[in-house]
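Engineer: Here is my input; please provide its structure:
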Amino acid sequence: MQNRKEYLKQLLHQKEWKQEDRDWLLQYLNENDLTDLQEVAAEAYYAELPIEGPVLEQAHSARILERIHQRISVPKGTIVRSMWFSRWKVAAAAIIILAAGVGIVSLFRKPVKQLMVVAEKQRKTFTLPDGSVVHLEPGTVLQYADDYGKKARNVTLTGEALFNVEKDDKHPFVVASSLISTKVLGTSFNMEVKSTAEAKVVVLTGMVQVAAQDGKDTEGKKLILTANKRAVYNKATQLLEMSDATEDAWFYSQRQQGRFVYDGEELIKVVNDLQRYYNTEIRLDRRIQHCAFYGDVNITHDLEMALNLIAVSLNAKINKDKSGNGYTIAGGNCQ
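Structural biologist: Numbers count the residues shown, from 1 in each chain. I've put the predicted structure just below:
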């Protein structure tokens with residue numbers, strides 16, 4: 001027989017079980033080591049979570065558990081009862097079927113339409129049905145169910161977005177992705193999942209819970225973040241780490257408000273912010289890097305307008321690269 005994990009996966013996708021399948025599962029559940037079952041359940045659960053989110057109500061779960069009994073055809077009052085009806089074994093069987101989300105679950109679940117918001121080459125601001133506002137960066141995709149807010153507030157993110165979440169104590173707001181999930185009641189935070197290797201959450205206000213989505217030792221990979229804190233999850237190392245993010249929080253807050261306000265900041269920081277926002281390389285003469293800059297940069301303006309504002313304050317010049325891919329602020333002096 002093929003290895004046990006693969007066989008368990010195969011059973012979950014079969015609409016009908018043979019008697020030998022039933023016998024095998026009963027024998028397996030009577031063993032002390034259910035590691036394979038736990039791993040299969042975790043893999044299936046986290047594969048479905050970003051799209052489906054929490055799916056089943058208690059009544060549906062009970063019906064599905066009854067369906068499991070019917071599949072295995074366990075006769076009530078037989079000697080098998082002592083083996084099968086141990087609470088933890090029944091729970092294990094139920095969990096693996098429920099987590100898989102395949103086959104039997106579809107019999108009880110009404111189709112839920114998934115809605116999608118896409119920010120292609122331009123930033124986009126979108127308001128969810130509960131009033132929560134999402135600021136999507138270019139190349140970002142946000143998904144949510146058409147019944148969002150009625151029983152749950154779950155969304156799925158690919159890319160980067162800043163969330164201003166309306167407070168609702170009864171319905172936590174959950175952002176799922178391929179690497180991490182973030183759970184809040186009411187706050188503002190920026191979440192970035194642009195690759196399959198790393199994900200980042202920065203909290204501007206309030207408090208959030210961030211959890212890894214690798215399906216292994218998830219309880220040990222949860223962090224509570226408060227304002228100006230950052231969580232970064234690295235898939236290669238499977239580490240979820242927290243650090244200070246005061247500068248990031250400031251950047252995201254200013255970006256959301258539509259302008260960057262500087263009151264004596266060193267010019268090198270101003271240029272770094274502009275590089276980050278406009279995604280364009282900007283070089284700066286060393287002798288003016290530490291000049292103080294006072295002014296507001298409106299991010300609705302194009303980059304050249306913002307650079308000209310800086311150049312005028314320093315009596316400097318703006319040179320565009322011949323390649324057209326960057327700029328240099330040359331000359332000038334600290335006044």
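Engineer: tell me the mean pLDDT for stretch 164-172?
Structural biologist: For stretch 164-172, the per-residue pLDDT values average out at 92.
Engineer: Touching it from outside, list them.
Structural biologist: Residues from elsewhere that reach stretch 164-172 (Cβ atoms under 8 Å, 6 or more residues apart in numbering): 130-135, 149, 151-153, 173, 183-189, 206, 256. C-beta here means a position set from N, CA and C on the backbone, and glycine is covered the same way.
Engineer: Please pick the buried ones from these.
Structural biologist: Burial by neighbour count, judged by 16 or more other Cβ atoms under 10 Å, picks out 132, 134-135, 149, 152-153, 173, 184-189, 206, 256 from the contacts of stretch 164-172.
Engineer: Go ahead and confirm residue 202 touches residue 249.
Structural biologist: Yes - contact criterion Cβ atoms under 8 Å: residue 202 and residue 249 qualify, at 5.7 Å.
Engineer: So those two - more neighbours on which side?
Structural biologist: residue 202 (27 against 21; other Cβ atoms under 10 Å).
Engineer: May I have the residues that are in contact with that one?
Structural biologist: Residues near residue 202 by Cβ under 8 Å, 6+ apart: 189, 190, 229, 230, 245, 248, 249, 252.
Engineer: Does residue 27 belong to a helix, a strand or coil?
Structural biologist: helix (DSSP: H, G, I helix; E, B strand; the rest coil).
Engineer: Okay, it and residue 6: tell me how far apart.
Structural biologist: 17 Å (Cβ to Cβ, to the nearest Å).
Engineer: Repeat that for residue 259.
Structural biologist: Residue 259 is 56 Å from residue 6, by Cβ to Cβ.
Engineer: which strand in this structure runs the most residues?
Structural biologist: The strand spanning the most residues in the chain, taking DSSP state E as the definition, is strand 153-164.
Engineer: Just the residues contacting the helix or strand that comes right after that one, thanks.
Structural biologist: Past strand 153-164, further along toward the C-terminus, the next helix or strand under DSSP states H and E is strand 173-176. Here strand 173-176 makes contact (Cβ under 8 Å, 6+ apart) with 49-50, 53, 132, 152-157, 163, 165, 181-186, 191, 213.
Engineer: Partner strands of strand 173-176, with direction?
Structural biologist: In the sheet, strand 173-176 lines up against strand 153-164 (parallel), strand 180-184 (antiparallel) (DSSP bridges).
Engineer: List just the one of those that sits closest to residue 314.
Structural biologist: Across the strands paired with strand 173-176, residue 314 has its closest neighbour in strand 153-164 (31.2 Å, Cβ to Cβ).
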